[in-house]
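> Got a sequence here, can you build the structure:
(one chain, ligands or ions: 1)
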Amino acid sequence: MIPVSSPKTRPLMPRPQIARNGPVLSRMAYGTWRMLDDAPSAQDINRRLHLCLDLGVTTIDGAEIYGGYAQEAALGAAMALTPGLRDKLELVTKSGIYIPHTTAPGRRVAHYDATAKRLTECVDAALKRLGTDRIEVFLVHRPDWLTSIDDTANGLNALVKSGKIRSAGVSNYSPSQYAALNSCMESPLVTNQVEFSLLHMDPIFDGTFDQLQTERVRPMAWSPLAGGSLFDRNNPAALRLAKEAALISPKYGDASFEQLAYAWVMAHPCQPMPVIGTNRQERIQGAVEAMAITLDREDWFGLWVAAKGHGVP
Ligand SMILES: NC(=O)c1ccc[n+]([C@@H]2O[C@H](COP(=O)([O-])OP(=O)(O)OC[C@H]3O[C@@H](n4cnc5c(N)ncnc54)[C@H](OP(=O)(O)O)[C@@H]3O)[C@@H](O)[C@H]2O)c1
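The predicted structure follows:
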């Protein structure tokens, strides 16, 4: 593993704009999907936020549905423990997925809802839960097949105008769904948060990353370590990847498998922003160190080949 440098010696994490009209974010985001899995206290989460901040990971990715609809409130409580902490972070949150849950008695069927009315209600509630007056990036969590692009866009446009959200984007949208909604946006969408990793390469084949390059918009890459499947000893692709990673690791300062996996994600020219999913301090630190790795072309393709189990066409 690349040695973790101290905050004083570590190069500053680049802070690119996510899109021409989007806010400046950190090069990697900290994801909170699993944040409540180990039942942390507000103090525990606060410590994790400070660790991220010290490492230059200032963008925090959340969602209404995470943690059984409890993540935003938990994040808000943790931020509130340190005056001024919220202002040092950029908050990304998402709405639009509704599953049967104790917080919504009577809800029978899991469904999506990206109507203007629902998105507006969600943002108002999220602001309260997070204890803030604005959200830097608000995403529609999943495309809602039953809502017109005009309806969704009207909601997002009004929310941007109100200042409650600084910018709007989407998650899990196909290129055509993205283009359709974007055509109704007064201020273009700033990202599409999609699954992308060595074990899930769809965005490089289905037009998603071509479109985002055209739009000069950077994707956010969720599950950059394939949700942990990269380390599954029963997965033949994961085993091939581990072997290839071990082969090239010395060339990259003995980088770990996971660091090489992050570097592989970040190497794509559309500059995906990995959303870090681990709760473990040493793994968050290791992820950040991966920013220093620039994979050679052949090594990037070597990992591609190992993942697929065959050569390039
Ligand atoms: N937009 C969407 O629809 C969507 C969907 C899913 C996720 N997301 C976002 O993306 C973020 C990241 O997703 P993710 O959590 O799936 O990310 P991930 O980094 O692909 O997976 C994290 C999982 O991998 C495990 N892991 C990491 N390093 C490991 C290692 N060396 N050996 C074994 N296991 C290891 C972690 O366990 P430990 O915690 O023990 O390290 C954790 O369970 C989420 O928090 C969320 O913000 C968005």
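> Would you map the strands across the chain?
According to DSSP state E, the chain carries its strands in the segments 29-31, 59-61, 90-95, 97-98, 111-112, 137-140, 168-171, 192-195, 220-222, 273-276.
> Let me know the average pLDDT across the longest one.
In this model, strand 90-95 carries a mean pLDDT of 98.
> Show me how far it is from its chain's centre.
Here the centre of strand 90-95 is set off from its chain's centre by 10 Å, with C-alpha atoms, centre = their mean, to the nearest Å.
> Give me the contact list for it.
23-26, 29, 58-65, 72, 118-119, 122-123, 126, 130, 132, 135-141, 171, 193, 220 (C-beta atoms under 8 Å, 6 or more residues apart in numbering). C-beta here means a position set from N, CA and C on the backbone, and glycine is covered the same way.
> Report the contact partners of whichever residue of the stretch 151-300 of the chain sits closest to the ligand.
Going by C-beta to the nearest ligand atom, the ligand is nearest to Gly277 of the stretch 151-300 of the chain, at 2.0 Å. For Gly277, the contact set (C-beta under 8 Å, 6+ apart) comprises 31, 33-34, 222-225, 227-228.
> Which one (most neighbours) among the residues you listed?
Neighbour counts for the contacts of Gly277 (other C-beta atoms under 10 Å) peak at Pro224, which has 29 neighbours.
> who in the stretch 101-250 of the chain is up against the ligand?
Neighbours of the ligand within the stretch 101-250 of the chain, by C-beta under 6 Å from any ligand atom: 171-172, 193, 222-228, 231.
> Produce a ChimeraX select command limited to the buried residues of the contacts of strand 90-95.
Of the contacts of strand 90-95, the buried ones go into a single ChimeraX selection, burial set by 16 or more other C-beta atoms under 10 Å:
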select :23,25,26,29,58,59,60,61,62,63,64,65,72,118,119,122,123,126,130,132,135,136,137,138,139,140,141,171,193,220
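> In contact with the spatially most central residue of the chain, which residues are there?
By C-alpha atoms, centre = their mean, the chain has its centre lying nearest to Val275, at 3.6 Å. Counting by C-beta under 8 Å, 6+ apart, Val275 touches 28-31, 61, 193, 220-224.
> and what of Glu136?
For Glu136, the contact set (C-beta under 8 Å, 6+ apart) comprises 23, 25, 59, 90-92, 165-167.
> Put together a markdown table for these, with distance to Thr208 on each row.
Conversion of the contacts of Glu136 to a markdown table gives the following (distance: C-beta to C-beta, whole Å):
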| residue | distance to Thr208 |
| --- | --- |
| Pro23 | 21 |
| Leu25 | 19 |
| Thr59 | 20 |
| Glu90 | 23 |
| Leu91 | 24 |
| Val92 | 18 |
| Ile165 | 23 |
| Arg166 | 23 |
| Ser167 | 19 |
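> Pick out whichever of those residues sits closest to His268.
Set against His268, the nearest of these by C-beta to C-beta is Leu25 (17.0 Å).
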